[in-house]
Every structure is written in C-alpha cells, then in structure tokens.
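Novice: missing the sequence, but the structure's below:
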C-alpha cells in the first residue's frame, strides 16, 4: 500500500457504509466495509453475537479491519472496531474521518434496524449510551470530523473528498 487509506469511524447509523461507497467512487479507489467482510465470511452479525458472543465477533472484526487496511482506498469500520487497541494503532497510519450524527436523526435511521447492541425496549437510549461511551475515543483517533445529520449525502461526500485531496497535495 503506497497511500494511506481513508478510514471512516463513528457510531452506528452515522452513514459510514453509505458514505464510504460514494466516497470511494469519487476518489477512484476501492471500498471495503469491515462489517461486510465479516458477514461475507462468517454470516450475519446478529447470528455471530447470538451464537458466539460479542468477544468472538470483535476478533473476527479485528481480522477484517486488518485485511481492509491492506487493500487501502476507503475503509468503513463498524462502530465498535476502534475498541481494539491493535486497530487503534493500525489506523493511526491512515486518514481517519469521524462521522457524527444527532440523536434526532438516528431515531429515524434505526427504525426497523437489526443491530445486536441496540436490542431492548429503547434502541435510541441504548444507541446514546454506546455512542457516548465511545465519543472520546472516536475524537482522539480522528483527523477530521463531518456531521451526517443534515444535508445531502453527496455534499458530505464532496466535503470529505475535498479534505482528502487537500491532505495528499
């Protein structure tokens, strides 16, 4: 890998996968979703959680992140991928973009979602709890931050692409 990857981090529902796909096209580079790699190789995340538990999933996720960083381009990480110390170390060599989202926006994005960490009576409250517990870590790891709560997705993609190009010129 010659050029650092653009690594998208942030809470569940911030748009890492959607923005990552469009950003990779805008930059003309490959796109890899670490959760997508896990699903492709091991099945649905909710099944992994139910059968083997979160710690097993986190190890599979760690391997997927490592493989994705080898490919380069744009890499979208699952919301909890940054919890692993090796992942924190590995992404430091890349351009890390934190995608943020408001609680109001997340309520509409999570409707009908099947996310193992958000199971229970109040998924938005659980999202808030998980997001807040990771906020300082996300901020410490990020080189740039973009809010996805409002505006068109293409405008957000364009802003991240411009930031990325500024860093490589």
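Specialist: Yep, that arrived. Note that the coordinates shown come from a computational prediction; the quantities given were computed from them, not determined experimentally. Numbering: from 1, shown residues only.
Novice: need the longest strand for the protein.
Specialist: For the chain, the longest strand by residue count, based on DSSP state E, is strand 95-100.
Novice: Give the rounded mean pLDDT of that strand.
Specialist: The average pLDDT for strand 95-100 rounds to 97.
Novice: From the contact counts, what lies against that strand?
Specialist: strand 6-9, helix 123-141, strand 144-147, helix 153-168 (3 or more C-beta pairs under 8 Å, 6 or more residues apart in numbering; DSSP states H and E). C-beta: built from backbone N, CA, C; applies to glycine.
Novice: For the longest one, what is the distance to the chain centroid?
Specialist: Computed by C-alpha atoms, centre = their mean, to the nearest Å, the separation of helix 123-141 from the middle of its chain amounts to 13 Å.
Novice: One more: stretch 89-106?
Specialist: 6 Å.
Novice: go on, stretch 51-63?
Specialist: Stretch 51-63 sits 16 Å away from the centroid of its parent chain (C-alpha atoms, centre = their mean).
Novice: what's the answer for stretch 17-33, then?
Specialist: Offset of stretch 17-33 from its chain centre (C-alpha atoms, centre = their mean): 12 Å.
Novice: Report the buried residues of it.
Specialist: 19, 20, 21, 22, 23, 24, 26, 27, 29, 31, 32, 33 (16 or more other C-beta atoms under 10 Å).
Novice: In this protein, what helix or strand scores lowest on average pLDDT?
Specialist: The weakest-scoring helix or strand in the chain, judged by mean pLDDT, DSSP states H and E, is helix 103-109 (a mean of 77).
Novice: Show residues contacting that one.
Specialist: With C-beta atoms under 8 Å, 6 or more residues apart in numbering as the test, helix 103-109 has contacts from 11, 12, 13, 101, 124, 127, 128, 148, 149, 150.
Novice: ok, back up a step: in its sheet, what does the longest strand of the chain sit against?
Specialist: strand 6-9 (parallel), strand 144-147 (parallel) (DSSP bridges).
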